[in-house]
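Engineer: Any chance you could fold what I've pasted below:
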Amino acid sequence: MYKRLSGAALVLAMLSAVPAMAEESVASRFKLQLGGYIKLDYAHNSNAVGPISPGAPGGGIPPIAAGASSKDESVFTAKQSRLWLKVSGPEFNGAKTGALVEMDFYGFGALSNEFANLRMRHAYGTLDWANTQVLFGQYWDVFGGGCADTVDFRLGGTTGNPASPRVPQVRVTHRVDLSADNGVRMVIAAQNPTEDAAAPGSNSMSKTGGYGSAVNGAGLVSFTSKALGVSPGYMGLGNSPLTVTLFGEISNEKLTPQNEVTPWGYGVYGLVPLMASKDGKSRAMTLTLEAQAYMAAGIDVQGATAMSLVGATKQDARPARGYGIFGQLKFYPTQELGVNAGYGRRESLDVDKAKATSAAVLALSNAPYGPERYNELMYVNVSYDLNPAIRVATELERMHTGYAATHGQNNTVRVAAYYFF
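Structural biologist: Next up is the predicted model:
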């Protein structure tokens, strides 16, 4: 009898403790922030390329044979939606520490909307002193200063804006304040080579059958000034001052025991507040000009060049050269309404050499329609913020690709809805 009463008392004691246990909250050791956005895209294409424009390597529009019917399509997707987690950690030797992880749903094999896979976009840690930052992890490639502010997820990545790749790296950023309104920012980084694709066997310069790329070196110098005030930057999510940035990178790859190639690139980017914010915060009656130009060789996976190599054999192959230009205007007549128009173009400089390139070397580039001469994009979009969380936008795009023997074109009408959180 005593044992039964003791057992019942033990059970009652455990049950009475459950509410208290449930009230205890689970907390991280550090301060965490969760954010991101939901995005629904609708696109009507005159050439069936899917919900977003073709990406690098390659990235040209498929040609339609003469006399063939149009391959137009209408598609929805929500795979650009993303999540990020930001961490504020403890100090180290006078530096504030932090980290960020960001994901979207364009992971490998995510062909179906119903089976979209998570993809790591950014994953990095930082140590921030007063004027110096050390970053380690995966972050934007240093090469490239701007991006086309398109509703299209590609952001003009193969038409003069090769800023889309996110690569594992270690970078050091140092800021020098010249005055209260002027400053210089310097970045130096060691990066996983962007000419080396993330997926084994991809059509890139790493597909050599036993040799590979060296870690690339990249850097930039950026001058900023508030002499002209500030005006909206990317997506209108913040205001930026007058900015002039010089950037570049260089790497090396061994193709054969006797032949090494050196991919390289350099360029300049600028942002000019033509009509500045009245109070430094409002977007109403602001106008921003952005422009960029670069030269590059052998950086096809990044989208800076259309091809990786030209040459009859691997023994005499050389990086394929090209250049890119880009410009856009952003006008906000009111705080809520934004109008953006731009043009970008990637031009190949080795088309004649590419025509004489052997099939074995051509296979190292993603060129299913033959050597590319140019790839250009024209776009105009309008966005409206219904409130701080909800944005609607529409866009018209015309993308045209000229190949050595043919051409491809796609006209897109795009409508999107965002919910920022």
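
Engineer: all helices in the protein, in order from the N-terminus.
Structural biologist: Assignment of helices within the chain using DSSP state H yields the ranges 2-23, 351-355, 359-362.

Engineer: Could you identify which of these has the lowest mean pLDDT?
Structural biologist: The stretch with the lowest mean pLDDT among the helices of the chain is helix 2-23, which comes in at a mean of 46.

Engineer: which one's the longest strand in this structure?
Structural biologist: strand 216-232 (DSSP state E).

Engineer: The closest residue in space to Trp129 that isn't next to it in sequence and Thr173: what is the separation?
Structural biologist: Spatial nearest neighbour of Trp129, chain neighbours left out: Ala95 (4.8 Å); criterion: CB to CB, 6 or more residues apart in numbering. Backbone N, C-alpha and C define where each C-beta goes, glycine included. For Ala95, the distance to Thr173 (CB to CB, to the nearest Å) stands at 13 Å.

Engineer: Which residue of these two possesses the greater neighbour count?
Structural biologist: Looking at Ala95 and Thr173 with other CB atoms under 10 Å, you find the greater number of neighbours at Thr173, namely 19 against 15.

Engineer: So in terms of bridging, what pairs with that one?
Structural biologist: Gln133, Val187 (DSSP bridges).

Engineer: Please report the distance of it from Ser222.
Structural biologist: Counting by CB to CB, the gap between Thr173 and Ser222 amounts to 10 Å.

Engineer: shared neighbours of the two, anything?
Structural biologist: Between them, Thr173 and Ser222 share the neighbouring residues Arg185, Met186, Val187, with contact defined by CB atoms under 8 Å, 6 or more residues apart in numbering.

Engineer: Can you give me every residue that contacts the second one?
Structural biologist: If you count contacts by CB under 8 Å, 6+ apart, Met186 has them with Thr173, His174, Arg175, Val176, Gly219, Leu220, Val221, Ser222.

Engineer: Ile64: which of the residues you listed is nearest?
Structural biologist: When these are compared for distance to Ile64 (CB to CB), Leu220 comes out closest, at 40.0 Å.

Engineer: Which stretches in the stretch 101-250 of the chain count as strands?
Structural biologist: In chain order, the stretch 101-250 of the chain shows strands spanning 119-128, 132-140, 166-177, 182-191, 216-232, 239-250, with DSSP state E, counting those that start in this stretch as the criterion.

Engineer: Reformat those strands as TSV; add mean pLDDT and distance to Tyr374.
Structural biologist: As requested, the strands of the stretch 101-250 of the chain are arranged in TSV below (pLDDT from 0 to 100; distance: least, CB to CB, whole Å):
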stretch	mean pLDDT	distance to Tyr374
strand 119-128	96	29
strand 132-140	97	25
strand 166-177	96	26
strand 182-191	97	27
strand 216-232	96	26
strand 239-250	97	22
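
Engineer: Throw those into a markdown table and include distance to Leu32, thanks.
Structural biologist: A markdown table is the format used below for the strands of the stretch 101-250 of the chain (distance: least, CB to CB, whole Å):
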| stretch | distance to Leu32 |
| --- | --- |
| strand 119-128 | 14 |
| strand 132-140 | 17 |
| strand 166-177 | 22 |
| strand 182-191 | 27 |
| strand 216-232 | 29 |
| strand 239-250 | 27 |
